[in-house]
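Visitor: fold the following, please.
(chains A, B and C)
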Amino acid sequence: MVDVAFQSSRTAAAQAGRRRVGLRNALRRKSMSAFLMTLPLILLIAILVIYPAIYSLHLATLNKAMTKFVGFGNFEFLFKRDTFWLVVKQSCIFAISAVIFKALIGFIVAHFVHNVPANKQRKWRGMLLVPWVIPPAMSTLAWLWLFDPSYSAFNYTLSFFGLGPIPWTGDAMWARFSVILVNVWYGAPFFMIMYLAALKSVPEQLYEAAAIDGANWWQRIWYVTLPMMRNIIAITTLFSLIVTFANFDIVRILTAGGPLDHTHIFATWAFRVGIEGSDIPLGASVSLFMVPILAIAAIFILRDITKRGNES
Amino acid sequence: MADVSLRKVVKRYDEVEAVRGIDLDIADHEFVVLVGPSGCGKSTTLRMIAGLEDISDGDIMIGGDVVNDVPPKDRDIAMVFQNYALYPHMTVAENMSFGLRLKHYPKAEIKSRVTEAARMLDITDLIDRKPKQLSGGQRQRVAMGRAIVRNPKVFLFDEPLSNLDAKLRVQMRIEIKKVHQKVRTTTVYVTHDQVEAMTLADRVVVMNYGKIEQIGTPNELYHKPATRFVASFIGSPAMNFVPCRLEEVGGKLNVRLTDRRAFPLPPTRAARYQAISRTDKLLLGLRPEHVMEARPHAEPGVEPFDAVLDVTEPMGMETLVYFTLEGSQLCGRVSPNAGAQDGSPLRLAVDLNNMHLLNEVTGAVL
Amino acid sequence: MSMVTIDKSGPTRKVKYGSMSRDRTWALRWSYFFLTLFAVFSLVPPFYMLITSLKGSAEISAATNPWWVYHPTFENYIQLLTSNQFLRFFWNSAWVSIIVVTITMLISVPAAFALARMKFWGSATLATGVFLTYLIPDSLLFIPLFKMFAVFGDWTGIQLVNRWYVLLFIYPTLTVPFCTWIMIGYFASIPKELDEAAIIDGASWFQTLTRIFIPVALPGLIAATIFAFTVSWAQFLYPLVFTTSTDQLVLPVGIITTLIKGDVFNWGQIMTGALLGAAPPLIIYAFLMDYYIAGLTAGATKG
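Guide: Numbering: from 1, shown residues only, chains lettered A, B, ... in the order given. Model (predicted):
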């Protein structure tokens, strides 16, 4: 009796085994088609992003003619040059101050937009986002013209107040200010729109509860708005830090690094030495210096995203 | 139309066995409801019948054919989902006809089937609307219409009424029953709501922990539950359980709750329980309707006692009373005129002619 | 006693109501005031572009109020729109952007569908990888990419550097990761039951994608398309590196390299060109603002 039961269960298992094979094939087909659907994406990333990233590590170890391996020679050369340290300093000043001002202005403007009646918000939002929509290469040309040494419309206006003329792009300090100003002008709307989306996602009841608890306007921002928006603020800031740090268009067009290399940041200087100066290995070495800060920001963003992924 | 059979069906997710060997035969035209608490494997079972989940072991047959490896579209089934799963970009008519259009049915045929189903479900006026413009009940009807136009062998319902409010749920329940009476398609219906199960089913399958606890008609389940789980799951408010044991005093069988209290068993019950060991730990199971106010004249098997009510819930037609009897919380149903009040004493009675006796350890109903 | 308190609190409360609504009106006035200020700040450069584009060269170098046009003229527009060179830039930009948008959608929509719905080995890692790729900026890759394409030319004899179509290979590295990422978000938000219903209705995976997912996620698709187009249209660094011959240039590089001749800035034409170059994104933005904003915020909120 036991034996029979055992027998029959074994044949059943064998049958089941056969059937499972068919199913496994179906699963494999599904996996296969999924893989084929992602294959162009994988190839694109592998060939045109990952490979060049590794290739630039290789390039950075060659001499100018790219005939000889020089190890860290390019880096040693860079460390000895004052311009390099100028670029490091300017990149940090540029990125950090621009991001801080973008974040602050974006936050303030988002609050003002959120304050006005809902039916008028669209119009304001529409106007305030225009700087982000115009290709930065195009809008920076307008700024260049506004900053023109002889015909600056700003200086014309300032002269009525007895000020200026200001050498917007001619003096090192003013040029640094100008590139940051243009970058803030271009990037603040992005923060504004992100904050506005976050503000709208804070449930109204929380404010009502806080108001009933006796919180004033400032306390409501501090204890309700900011904590609720912390995620978006963090991710937008980190994201903007990457983009600003890697900026090229604005500095290139506005000052091209001048005067006397005082506004060069990594991207523009890498272009100058790598493409214009035809020293590709040195250019690759310069741009590689962006990697650490980008990596740190990316790790924080990723941590935030996986955390939120787990929560949902 | 066809019958559906499950043979030792098992579903394993990595380590966990969600369904642990289900045997079930569903006859042609039958309306079977799978009911159980969340996580009991009822939805997984339904999804395996649909082919949305592959089965780890066992066989599923529809109309006598093993369909284990048949993809959902070739199983000739239709399914109604909890959140309706209507295609938001299609009109009601397009939603209903999508399956037929994929199979390249002739246009006239599609049109007549959609019109017929819409008429049956009373949604003819809505045929050109998008799902967004419909109410919950209307969406539910469209989801059913989508199943009906396919004219499948089997209907599968996965908690279709859970997203509706209480009133609409009752209404749609009747609607589903009406539709089934018209089309007579074999139906498997999953719900966690025992009232829904009882009202809709020809037969109810009660599931728990991936296994079938009991299969039976609604009345069988209610009056002859096989296990403690079924006894407590079916019926609302739930059956009362009081720990007890049997004792024989002077040739008569008593059910003893504590040292202080025992009830004599009526003769029919005494004969049935004669064989049970006097030392077994037992549970006395009483439905709330068998705990009522005491009548002035004695009735055989109805044993009066005094209770102090903790809470009363007037329901209109009756009043639910909650009280403690020998350390157990009990619920009874009394007439609204019985004078039940929170915190006040009331003379109640238990109807032991309708009692159940369960083994406390195994949970089996004796 | 209690009567007294009520009497007292009555008027104070009334006063408070008044002051609260007055506070609110003032808050609103301040909001409008600052919003106006910020709007002016935002719109000065494009406004100045427009003003300058309507001026003749004499008026540009005149010492009159630069914020106003005294003798409006379309001379700059006529010159640019009849110049073969400028039209060439415009068409190069248009072609590059349209083809890149097509390539981007063809790559990212199926990939996003596979990553959102067809779980397979490594799919989660790949999704994260896609997002990381999006964080890699153009200024990190332009040098190795330039060298890569030069070496590729030397090896195969297929010269891609200094051809406008080399950009068709490079721009997708900027557009595909983000578009895939936001499409994953949109696809993942579609309830699972919808594809199950489609499968039971007899749809294949491909039909589920084309007949259910793409129509349902159409807003996301539009947002992704807008993103891909604006990124391609605005890209400046890659064309600056990869193209040098005037007939291969796209608009931003073309304006800067041809309208600035040495130290001579033809500001009237430069501003006109810049305005024309800014026009396509602005027009898209004006008509599809909600989709544009949805695409902007999707990256952070959908993730």
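
Visitor: for the residue of the stretch 101-250 of chain A found nearest chain B, what are its contacts?
Guide: Using C-beta to the nearest C-beta, the single residue of the stretch 101-250 of chain A nearest to chain B is A:Lys200, 21.3 Å away. In short, each C-beta sits where N, CA and C put it, glycine included. A:Lys200 is in contact with A:His114, counting by C-beta atoms under 8 Å, 6 or more residues apart in numbering or on different chains.

Visitor: any chance you could map the strands in chain C?
Guide: Along chain C, the segments classed as strands by DSSP state E run C:260-261, C:264-265.

Visitor: next secondary structure after the helix or strand hosting the residue of the stretch 101-250 of chain A closest to chain B?
Guide: Using DSSP states H and E, A:Lys200 sits within helix A:172-201. Per DSSP H and E, helix A:172-201 leads on to helix A:204-212 as the next helix or strand towards the C-terminus.

Visitor: how about that next one, which residues are buried there?
Guide: By 16 or more other C-beta atoms under 10 Å in any protein chain shown, the buried positions in helix A:204-212 come out as A:Ala210.

Visitor: need the contact list for the residue nearest the centre of chain A.
Guide: Central residue of chain A (C-alpha atoms, centre = their mean): A:Val243, 3.2 Å from the mean position. Contacts for A:Val243 (C-beta under 8 Å, 6+ apart) come out as A:Gly187, C:Pro137.

Visitor: how about the strands of chain C, which one is nearest chain A?
Guide: Chain A lies closest to strand C:264-265 among the strands of chain C, at 7.7 Å (C-beta to the nearest C-beta).

Visitor: now for that closest one, which elements pack on it?
Guide: Judged by 3 or more C-beta pairs under 8 Å, 6 or more residues apart in numbering or on different chains; DSSP states H and E, strand C:264-265 is in contact with no other helix or strand.

Visitor: so what touches that strand?
Guide: A:Trp145, A:Asp148, C:Leu259.

Visitor: now it, how far from the centre of its chain.
Guide: Distance of strand C:264-265 from its chain centroid, counting by C-alpha atoms, centre = their mean, to the nearest Å, is 29 Å.

Visitor: find the nearest non-adjacent residue to A:Thr38, please.
Guide: Nearest non-adjacent residue to A:Thr38, counting by C-beta to C-beta, 6 or more residues apart in numbering or on different chains: C:Ala111, 4.5 Å away.

Visitor: low-confidence ranges in chain A?
Guide: Low-confidence segments of chain A (pLDDT under 70): A:1-28, A:305-312.

Visitor: right, is stretch B:122-133 up against chain C?
Guide: No: shown here: stretch B:122-133 not in contact with chain C (C-beta under 8 Å from any C-beta of the partner chain), separated by at least 10.9 Å.

Visitor: what comes up buried for that stretch?
Guide: For stretch B:122-133, by 16+ other C-beta under 10 Å, it's B:Ile123, B:Leu126, B:Ile127, B:Lys130, B:Pro131.

Visitor: start to end distance for it?
Guide: Terminal residues of stretch B:122-133 lie 16 Å apart, using C-alpha to C-alpha, to the nearest Å.

Visitor: now stretch A:278-298
Guide: OK, stretch A:278-298 end separation, C-alpha to C-alpha: 31 Å.

Visitor: off-centre distance for it?
Guide: On C-alpha atoms, centre = their mean, the centre of stretch A:278-298 falls 15 Å from the chain's centre.

Visitor: check contacts around the closest residue to C:Glu75 other than its chain neighbours.
Guide: Nearest-residue entry for C:Glu75: C:Gly56, 5.7 Å, with adjacent residues in sequence omitted and distances by C-beta to C-beta, 6+ apart. By C-beta under 8 Å, 6+ apart, the contact set of C:Gly56 is C:His71, C:Thr73, C:Glu75, C:Gly268.

Visitor: among those, name the buried ones.
Guide: Using 16+ other C-beta under 10 Å, the buried members of the contacts of C:Gly56 are C:Thr73, C:Glu75, C:Gly268.

Visitor: TSV for these, including pLDDT?
Guide: As requested, the buried ones among the contacts of C:Gly56 are exported to TSV (pLDDT from 0 to 100):
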residue	pLDDT
C:Thr73	84
C:Glu75	85
C:Gly268	86
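
Visitor: and B:Arg278, that's in a strand?
Guide: No: counting by DSSP: H, G, I helix; E, B strand; the rest coil, B:Arg278 falls outside a strand, being coil.

Visitor: tell me the contacts of it?
Guide: Per C-beta under 8 Å, 6+ apart, neighbours of B:Arg278: B:Arg245, B:Leu246, B:Glu247, B:Glu248.

Visitor: list phi and psi for the first one.
Guide: In terms of degrees, to the nearest 10, the main-chain angles of B:Arg245 are phi -150, psi 170.

Visitor: name all residues that make contact with it.
Guide: B:Val255, B:Arg256, B:Arg278, B:Thr279, B:Asp280, B:Lys281, B:Leu282.

Visitor: hmm, try it at 7 Å
Guide: B:Arg256, B:Arg278, B:Asp280, B:Lys281, B:Leu282 (C-beta atoms under 7 Å, 6 or more residues apart in numbering or on different chains).

Visitor: from the residues you listed, list the buried ones, please.
Guide: For the contacts of B:Arg245, a burial check counting by 16+ other C-beta under 10 Å picks out B:Arg256, B:Leu282.

Visitor: count the residues that sit near A:Tyr156.
Guide: Neighbourhood size, A:Tyr156 [other C-beta atoms under 10 Å in any protein chain shown]: 17.

Visitor: for C:Leu209, see how far away the residue lying closest to it once chain neighbours are set aside is.
Guide: Leaving aside its chain neighbours, A:Tyr156 sits nearest to C:Pro66 (5.4 Å; criterion: C-beta to C-beta, 6+ apart). Using C-beta to C-beta, to the nearest Å, we find C:Pro66 at a distance of 55 Å from C:Leu209.

Visitor: so can I have CSV of the buried residues of stretch B:122-133 showing secondary structure and distance to B:Ser162?
Guide: Shown next, in CSV, are the buried residues of stretch B:122-133 (DSSP: H, G, I helix; E, B strand; the rest coil; distance: C-beta to C-beta, whole Å):
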residue, secondary structure, distance to B:Ser162
B:Ile123, coil, 21
B:Leu126, helix, 22
B:Ile127, coil, 26
B:Lys130, coil, 23
B:Pro131, helix, 18
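
Visitor: among those, which one sits closest to C:Pro239?
Guide: Nearest to C:Pro239, judged by C-beta to C-beta, of these is B:Lys130 at 44.2 Å.

Visitor: local confidence estimate at the residue nearest to that closest one when sequence neighbours are not counted?
Guide: Of all residues not flanking B:Lys130 in the chain, B:Thr91 sits nearest, at 5.9 Å (C-beta to C-beta, 6+ apart). Note for B:Thr91: predicted pLDDT of 92.

Visitor: can I assume B:Thr91 is in contact with B:Asp128?
Guide: Yes: shown here, B:Thr91 and B:Asp128 form a contact pair, counting by C-beta atoms under 7 Å, at 5.2 Å.

Visitor: returning to what we had before: hang on, the residue nearest to the centre of chain A in a strand?
Guide: No: the assignment for A:Val243 by three-state DSSP gives helix, which leaves it out of any strand.

Visitor: where's it relative to A:Asn183, distance?
Guide: Taking C-beta to C-beta, one finds A:Val243 at 10 Å from A:Asn183.
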